[in-house]
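In: sequence plus predicted model, see below.
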There are 2 protein chains.
Amino acid sequence: MTYSFVVSIARKPGLSDPEGTTTHKALNDLGFAGVTHVAFGRTISVSLDAVSLDAARTQVEAMCEKLLANPVMETYAIEATP
Amino acid sequence: MTYSFVVSIARKPGLSDPEGTTTHKALNDLGFAGVTHVAFGRTISVSLDAVSLDAARTQVEAMCEKLLANPVMETYAIEATP
């Protein structure tokens, strides 16, 4: 059976987020004066064939550790989607 | 009051996703043979001061149209977060 997941990846707290900082400034320049915080993240949707949801999730965790995320600088969350 | 939102941005269906294609191939090369689909997206967390949740959401929609997303190539979804 095919299972689908969304992996949400964000920088660890305290690390600089130059895209977020630049976008925050650009929003202020465009007139959005009330903006207090902007942060960028990324998502990776993965679909895979596996024998069970648990087996599929274990594989996605291994993908995150090996390739999808950078465990030194990033945190990730794995969510199953219908 | 400060309201927080997460904007999820994805390429419109049918547009090429070179990061997804390359990552799909890399996962196969790493031994994850069951992977059937990989797609990349991005998220932008925005916090802003506004008089109400509705007013805040209207501002975030305007930010998406003006700066955060590319309406020609991308779709976006805005979700309020606690």
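Out: That came through fine.
In: packing partners of the longest strand along chain A?
Out: In chain A, taking DSSP state E as the definition, the longest strand is strand A:35-49. Counting contacts by 3 or more CB pairs under 8 Å, 6 or more residues apart in numbering or on different chains; DSSP states H and E, strand A:35-49 is packed against strand A:2-11, helix A:18-29, helix A:53-63, strand B:2-11, helix B:18-29, strand B:35-49. Glycine gets a C-beta too; all of them are placed from N, C-alpha and C.
In: now the third one, how far from the chain's geometric center?
Out: Taking CA atoms, centre = their mean, to the nearest Å, one finds helix A:53-63 lying 16 Å from the centre of the chain it belongs to.
In: that one near chain B at all?
Out: Yes. Contact of helix A:53-63 with chain B (CB under 8 Å from any CB of the partner chain) involves A:59, A:62-63.
In: list buried residues within these.
Out: Buried members of the residues of helix A:53-63 next to chain B, counted by 16 or more other CB atoms under 10 Å in any protein chain shown: A:59, A:63.
In: dump the residues of helix A:53-63 next to chain B to TSV, plus pLDDT.
Out: Shown next, in TSV, are these (pLDDT from 0 to 100):
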residue	pLDDT
A:59	97
A:62	97
A:63	97
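In: list just the nearest of the residues of helix A:53-63 next to chain B to residue A:80.
Out: residue A:59 (12.4 Å; CB to CB).
In: test my guess that that closest one contacts residue B:33.
Out: No. Using CB atoms under 8 Å, residue A:59 makes no contact with residue B:33, being 10.0 Å away.
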